[in-house]
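A.B. asks: Quick one, fold the following:
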Amino acid sequence: MGTLYYGASATPISVEDRALAHLKVVIISKLRRDESFSVSWRHREGEPEGRSTIWVHPAIPLRFEFEEPVAPELDRQWLEDLAVSANALGGIQLVEEPPTHG
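C.D. replies: Purely as a prediction, here's the structure:
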């Protein structure tokens, strides 16, 4: 399980390592262009029911922490899906990885 630390909040955001690796690539790509956007996700099992959204801005500190020492191989389709949602009005919607295409 990976962790996203955002801003001065003492509350870490838990995200599965594989999803966090994909999210990191898209977030870094947007921040390199000095773009702000939102990221939304559904709460995991065991957490209070619901969903959360954060506003990501280049001036706000951000740290990605991974449980696994080796980065996973990235799924191009998932990256593209996340990148498309990053440019939409609703921002990045952290969704499950699409099924592999045979």
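A.B. asks: Do a quick rundown of the strands in the protein.
C.D. replies: Chain-ordered strands for the chain, with DSSP state E as the definition, fall at 2-6, 13-15, 37-42, 51-56, 62-65, 92-93.
A.B. asks: Deepest in the core, which of those strands is it.
C.D. replies: Comparing the strands of the chain by mean neighbour count (mean count of other Cβ atoms under 10 Å), strand 92-93 ranks first with a mean of 22. The C-beta positions use only the backbone N, C-alpha and C, and glycine is treated the same way.
A.B. asks: So which elements touch it?
C.D. replies: helix 17-32, strand 37-42, helix 76-86 (3 or more Cβ pairs under 8 Å, 6 or more residues apart in numbering; DSSP states H and E).
A.B. asks: export the ones you listed to TSV and tack on distance to residue 96 and mean pLDDT?
C.D. replies: Below are the helices and strands packed on strand 92-93 laid out as TSV (distance: least, Cβ to Cβ, whole Å; pLDDT from 0 to 100):
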stretch	distance to residue 96	mean pLDDT
helix 17-32	8	95
strand 37-42	10	92
helix 76-86	9	92
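A.B. asks: wait, which of those is closest to residue 50?
C.D. replies: Closest to residue 50 of the helices and strands packed on strand 92-93 is strand 37-42 (Cβ to Cβ; 7.7 Å).
A.B. asks: Show residues contacting that closest one.
C.D. replies: The contact list for strand 37-42, computed with Cβ atoms under 8 Å, 6 or more residues apart in numbering, reads 13, 15, 23, 27, 30, 50-56, 86, 90-94.
A.B. asks: For residue 5, find the nearest of the helices and strands packed on strand 92-93.
C.D. replies: helix 17-32 (11.4 Å).
A.B. asks: could I get the closest one in PDB with only the CA atoms?
C.D. replies: In PDB, the C-alpha atoms belonging to helix 17-32 read as follows (Å, rounded to 0.1, in the frame of the first residue of the first chain):
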ATOM      1  CA  ASP A  17       1.200   1.000  -5.000                       C
ATOM      2  CA  ARG A  18       0.300   0.200  -8.600                       C
ATOM      3  CA  ALA A  19      -2.400   2.900  -8.800                       C
ATOM      4  CA  LEU A  20      -0.100   5.400  -7.000                       C
ATOM      5  CA  ALA A  21       2.700   4.700  -9.600                       C
ATOM      6  CA  HIS A  22       0.300   5.600 -12.400                       C
ATOM      7  CA  LEU A  23      -1.200   8.600 -10.600                       C
ATOM      8  CA  LYS A  24       2.300   9.900  -9.900                       C
ATOM      9  CA  VAL A  25       3.200   9.900 -13.600                       C
ATOM     10  CA  VAL A  26       0.100  11.900 -14.500                       C
ATOM     11  CA  ILE A  27       0.400  14.300 -11.600                       C
ATOM     12  CA  ILE A  28       4.100  15.000 -12.300                       C
ATOM     13  CA  SER A  29       3.300  15.600 -16.000                       C
ATOM     14  CA  LYS A  30       0.600  18.200 -15.100                       C
ATOM     15  CA  LEU A  31       2.800  19.900 -12.500                       C
ATOM     16  CA  ARG A  32       5.700  20.200 -14.900                       C
END
